[in-house]
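**Q** Fold the following for me, if possible:
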Amino acid sequence: MSCFRTLAAALALTLAAVPVASADSVEEVTYREHIRPLWENNCAACHGAASPYLGDFDEDKERFELAY
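**A** Here you go, the predicted structure:
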């Protein structure tokens, strides 16, 4: 039983030491500031409006692979 109490006390102290994030300290994620830059840097070249159609890509893969 003392092992259980020791474990429970350790768990309680650990949880008490962990800070709780308040709503004020959490930054709001917005499309313009957070999502859009990720999209433009990692996805838009292959999946954006200027990306090749699948048929064009299949016909000349080397051209598109070298371009991106």
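**Q** Only C-alpha atoms from now on, for both contacts and neighbour counts.
**A** Noted.
**Q** Does residue 36 lie in a helix or a strand, and which?
**A** If you go by DSSP states H and E, residue 36 is part of helix 36-42.
**Q** what about that helix, distance to the chain center?
**A** How far helix 36-42 lies from its chain's middle: 12 Å, per CA atoms, centre = their mean, to the nearest Å.
**Q** List the buried residues for whichever helix or strand comes after that helix?
**A** Scanning forward in sequence from helix 36-42 by DSSP H and E, the next helix or strand is helix 44-47. For helix 44-47, the neighbour count (16 or more other CA atoms under 10 Å) marks no residue as buried.
**Q** and the helix holding residue 36, which residues are buried?
**A** Neighbour counts over helix 36-42 (16+ other CA under 10 Å) mark no residue as buried.
**Q** which residues sit against it?
**A** With CA atoms under 8 Å, 6 or more residues apart in numbering as the test, helix 36-42 has no contacts from any other residue.
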